[in-house]
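Peer 1: sequence and predicted structure are below.
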Amino acid sequence: MTLETPKTPAAFVETMLRSAIEADELVQENINDRWLREAHTHTAVNGFIAAIALENLRRFAPETADELAENLHQSLIAGDLAGPAYRMAKQLGHDPDQWLAEHKEREARRKAKTNR
């Protein structure tokens, strides 16, 4: 199987918008499942915001947009989007280790509810 990833800023914007729309559809399909509904809602919002940001870069800083698209393309091919996101969060002064710990706590609670 060949993984097709966007290679240009415009292709990434299109992909992010499509992903946001599809995620919003999944929100509607899973309206009664809180965990799936929230996850798809976050995905839809994130895709929309990312599309807006990259479209603005594409219009007003095309060289930066091209560089970002290439870096995203390489990250997707390598299958490592979490690594760059983790490093950026650290550089911005956030605590991604705490976020991961909180995520694992929520995961444990979900599994405990499922196993009742």
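Peer 2: Looks like it arrived, so ask away. None of these values were measured; they are calculated from a predicted model.
Peer 1: number of residues surrounding A69?
Peer 2: Residue neighbour count, defined by other Cβ atoms under 10 Å, stands at 22 for A69. (Each C-beta comes from the backbone N, C-alpha and C, glycine too.)
Peer 1: just the one 10 residues further on next, same as before
Peer 2: A count of nearby residues for G79, using other Cβ under 10 Å, gives 9.
Peer 1: run through this structure and note the low-pLDDT ranges.
Peer 2: 1-3 (pLDDT under 70).
Peer 1: contact partners for E55?
Peer 2: 9, 13 (Cβ atoms under 8 Å, 6 or more residues apart in numbering).
Peer 1: repeat the analysis, applying 6 Å as the threshold.
Peer 2: Contact analysis of E55 by Cβ atoms under 6 Å, 6 or more residues apart in numbering lists V13.
Peer 1: distance of it from V45?
Peer 2: Here the distance between E55 and V45 works out to 16 Å (Cβ to Cβ, to the nearest Å).
Peer 1: which helix runs longest in the protein?
Peer 2: Longest helix of the chain, by residue count under DSSP state H: helix 34-60.
Peer 1: next helix or strand past it?
Peer 2: Sequence-wise, the next helix or strand downstream of helix 34-60 (DSSP states H and E) is helix 62-78.
Peer 1: whichever helix or strand comes after that next one vs helix 62-78, what angle?
Peer 2: Helices and strands here follow DSSP H and E; after helix 62-78, the next one along the chain is helix 82-91. For helix 82-91 against helix 62-78, the angle by axes from the mean of the first three to the mean of the last three Cα atoms, to 10 degrees is 130 degrees.
Peer 1: how about the following helix or strand past helix 82-91: buried residues?
Peer 2: Counting by DSSP H and E, the next helix or strand C-terminal to helix 82-91 is helix 96-114. Residues P96 are the ones in helix 96-114 that count as buried (16 or more other Cβ atoms under 10 Å).
Peer 1: please apply the same query to stretch 26-34.
Peer 2: Result for stretch 26-34 [16+ other Cβ under 10 Å]: buried residues 26-27, 30.
Peer 1: one more: stretch 37-54?
Peer 2: Using 16+ other Cβ under 10 Å as the test for burial, stretch 37-54 gives 37, 40, 43-44, 47-48, 50-51, 54.
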